[in-house]
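Novice: no sequence on this one, just coordinates:
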């Protein structure tokens, strides 16, 4: 199975200020996807800002791109990972969240 970290999602309690910060400090061009989400879409590892705190994780969320999401879900479960957010669709693909044995929350993504 092909996999690589492709995305890091950050909780953004103040999305406009956080978006402006990354644009001003690092020159990142972020695209808005609705009122509570912005992200870059042009790098090897993109950055997402989750302004809906009911959907945000409490720490940065590393997202791993995979070529077979269902096989990855099975592999994560078999390896001892705990699914924290079942498979769901979003603009651009599908993903699920899980915790590794040390309690770190990550996500696996299959892009459209």
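Specialist: Looks like it arrived, so ask away. The structure presented is a predicted model; accordingly, all values stated were derived computationally and were not measured.
Novice: biggest helix in this structure by residues?
Specialist: When the chain is parsed with DSSP state H, its longest helix is helix 15-26.
Novice: and it, what's buried?
Specialist: Buried residues in helix 15-26, defined by neighbour count with 16 or more other Cβ atoms under 10 Å: 15, 18, 19, 22. The C-beta positions use only the backbone N, C-alpha and C, and glycine is treated the same way.
Novice: show me what that helix is packed up against.
Specialist: Counting contacts by 3 or more Cβ pairs under 8 Å, 6 or more residues apart in numbering; DSSP states H and E, helix 15-26 is packed against strand 37-39, strand 46-50.
Novice: for the residue nearest to residue 77 when sequence neighbours are not counted, grab the count of nearby residues.
Specialist: Closest residue to residue 77 apart from its sequence neighbours, by Cβ to Cβ, 6 or more residues apart in numbering: residue 83 at 6.7 Å. Residue 83 has 13 neighbouring residues, counting by other Cβ atoms under 10 Å.
Novice: before we move on, back to that, could you dump the helices and strands packed on helix 15-26 to CSV with mean neighbour count?
Specialist: Listed next are the helices and strands packed on helix 15-26 as CSV, based on neighbours: other Cβ atoms under 10 Å:
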stretch, mean neighbour count
strand 37-39, 22
strand 46-50, 20
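Novice: quick one: low-confidence ranges for the chain?
Specialist: Within the chain, no stretch has pLDDT under 70.
Novice: quick one, strands of it?
Specialist: Using DSSP state E, the strands of the chain run over residues 3-11, 31-32, 37-39, 46-50, 61-66, 82-90, 93-99, 105-111.
Novice: tell me which of the ones you listed is the most buried.
Specialist: Highest mean neighbour count among those (mean count of other Cβ atoms under 10 Å): strand 37-39, with a mean of 22.
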